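Asker: have a look at this prediction, sequence included:
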Amino acid sequence: MSPLGSHPFLCDIRGLKILADQVRAGNVRAISRLISLLENHPGGREVLRLLNGTSRGTRVIGVTGYPGAGKSTVVNCLVAFYRRQRVKVGVLAIDISSSVTGGALLGDRIRMQEHALDQGVYIRSMATRGHHGGLAQATGDAAFVLEAAGYEVILIETIGVGQNEVDIVDLAHIVVAVVAPGLGDEVQAMKAGLLEVAHIIVVNKGDLPGADNTLRNLREWYPNVLRTVATTGEGIPELAAAITAYQQVRSVGHVGEARSC
Amino acid sequence: MAVASAHLRILIGKVGLDGHDRGVKLIARALRDAGVEVIYTGLHQMPEQIVNTAIQEDVDAIGLSILSGAHKTLFRRVLELLREQDAEDIALFGGGIIPDEDVTTLTADGVKALFKPGAPMQEIVTFVKGLKRQG
């Protein structure tokens, strides 16, 4: 047993079992509580054992990319797309914690609030709390919780990344990198890192000048490069189709199998 | 590497037809600088969106800025929804141009605090930092 500290809630095994049952039944408050517990007490991962046997073949889609490229807006469009197919969607949106104060301004869900009244959508913002790699330490555990709660697609939005925050590759079944026009030439497209590990690259804001150049540069080096305008939804059906096509090639296990830890 | 601990999580947003967001952004930023995890929902939210979001985000408290004059209706609706969803452990506070008599009424209804124009930022931050729930 990992050291669970003196947190009274974590010592309450019966209470945790009830919480786990509520999570499996899809109770939103219970899901939220359990994710907080896992965020606040990394030693509490033992709790996840209580959720075992609940694999449902959930698809985990990572959305990463540069700051301001439109990740949240693309995620919002994908949520709408999957909801039209009546698929339950969980979103984990990661933003960065201040290295100075530990505080964070979690603003990804501003772009997703149209889904706040939809019972088939669960959105959770997570701060990195000093964790490197583009995700929060508890993001994988939170995905596990959402799978147990019956969410069929989990979209994980990383922080706005540079070139080296590629933890999402270990967690998601498929990684979509969102870039915007005008951020470098062909040599940038050749560099190792983020673009190299993405399965699909999306040039968002595809209506801006320079988008054609960016698409051409990327397509010289990568097989799956798509154009979207997420503010209008243009290109989103094609993106969803590309995600599905990729996943048919690569058979999908459950959340636990995708994770490296 | 930061040591994991229970962070204070606060939802900050604006409800109703009210586009004045300079103040609410200052509050969000000041709380961030005070070490709080601020979930900022942006403008034009319905009370139902605010309460659903607060529950999904497992926040300790909701802070709403209302400059439209609809504060009595909107704060009361949020309180009612928190009760309906069995989420009264989530505190509600706010700020705006709110007459003294309405401050009295709304705090009696269950709003924890209401800050008026000119309230010192430090007073707001100190108040919010006292809102951490137990457990």
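Answerer: Arrived safely, thanks for sending.
Asker: what about the residue in the stretch 101-250 of chain A that chain B sits nearest to, how many residues close to it?
Answerer: Closest approach between the stretch 101-250 of chain A and chain B, counting by C-beta to the nearest C-beta: A:G130, at 2.9 Å. Any C-beta I mention is one placed from the backbone N, CA and C, and that applies to glycine too. Per other C-beta atoms under 10 Å in any protein chain shown, the neighbour tally for A:G130 reads 16.
Asker: same check, this time on B:L79
Answerer: There are 19 residues near B:L79, going by other C-beta under 10 Å.
Asker: distance of it from A:R56?
Answerer: Here B:L79 is placed at a distance of 37 Å from A:R56 (C-beta to C-beta, to the nearest Å).
Asker: likewise for B:R29?
Answerer: Going from B:R29 to A:R56 by C-beta to C-beta gives 40 Å.
Asker: what's the answer for A:G160, then?
Answerer: For A:G160 relative to A:R56 (C-beta to C-beta), the value is 31 Å.
Asker: that older thread, more crowded one of B:R29 and A:R56?
Answerer: Shown here are B:R29 and A:R56; by other C-beta under 10 Å, B:R29 has more neighbours (16 against 13).
Asker: residues contacting that one?
Answerer: Applying C-beta atoms under 8 Å, 6 or more residues apart in numbering or on different chains, one finds that B:R29 lies in contact with A:L105.
Asker: helix, strand, or coil at it?
Answerer: helix (DSSP: H, G, I helix; E, B strand; the rest coil).
Asker: measure how buried B:D21 is and give me the count.
Answerer: 17.
Asker: wait, doesn't it sit right on B:I12?
Answerer: No. The criterion here is C-beta atoms under 8 Å, and B:D21 misses it with B:I12 at 10.3 Å.
Asker: now the common contact residues for those two.
Answerer: B:S65.
Asker: what parts of chain B come near chain A?
Answerer: B:1-2, B:4-7, B:9, B:28-29, B:31-42, B:45-46, B:48-49, B:52-53, B:55-58, B:85-87, B:135 (C-beta under 8 Å from any C-beta of the partner chain).
Asker: rounded mean pLDDT for the helix or strand hosting B:L106, please.
Answerer: Applying DSSP states H and E as the criterion places B:L106 in helix B:100-109. If you average the pLDDT over helix B:100-109, you get 98.
Asker: repeat that for stretch B:34-50.
Answerer: 96.
Asker: for stretch A:245-253, same thing?
Answerer: pLDDT averaged over stretch A:245-253 gives 70.
Asker: the helices in chain B, which residues?
Answerer: B:22-33, B:47-57, B:71-84, B:100-109, B:121-129 (DSSP state H).
Asker: in the longest one, what counts as buried?
Answerer: Right, the one you point to is helix B:71-84. With burial defined by 16 or more other C-beta atoms under 10 Å in any protein chain shown, the residues of helix B:71-84 counted as buried are B:71, B:74-79, B:81-82.
Asker: gap between it and the chain center?
Answerer: 12 Å (C-alpha atoms, centre = their mean, to the nearest Å).
Asker: same thing with the last one?
Answerer: In terms of C-alpha atoms, centre = their mean, the gap separating the centre of helix B:121-129 from the centre of its chain is 12 Å.
Asker: so which residues make contact with that helix?
Answerer: Against helix B:121-129 from outside (C-beta under 8 Å, 6+ apart): B:8, B:10, B:26-27, B:30-31, B:34, B:36, B:61, B:63, B:93, B:95, B:113, B:115.
Asker: buried subset of these, written for ChimeraX?
Answerer: Selection of the buried residues among the contacts of helix B:121-129 in ChimeraX, burial being defined by 16+ other C-beta under 10 Å:
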select /B:8,10,27,30,31,34,36,61,63,93,95,113,115
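Asker: below-threshold pLDDT in chain B: ranges please.
Answerer: Chain B contains residues with pLDDT under 70 at B:1-5, B:135.
Asker: so which residue is smack in the middle of it?
Answerer: B:G63 (0.8 Å; C-alpha atoms, centre = their mean).
Asker: partner residues bridging that residue?
Answerer: B:I12, B:F93 (DSSP bridges).
Asker: for it, give me its contacts.
Answerer: Contacts of B:G63 by C-beta under 8 Å, 6+ apart are B:10-13, B:27, B:93-95, B:128.
Asker: again with B:H44
Answerer: B:14-19.
Asker: how about the nearest residue to A:P237, chain neighbours excluded?
Answerer: Once flanking residues are discounted, A:P237 sits nearest to A:F81: 6.9 Å by C-beta to C-beta, 6 or more residues apart in numbering or on different chains.
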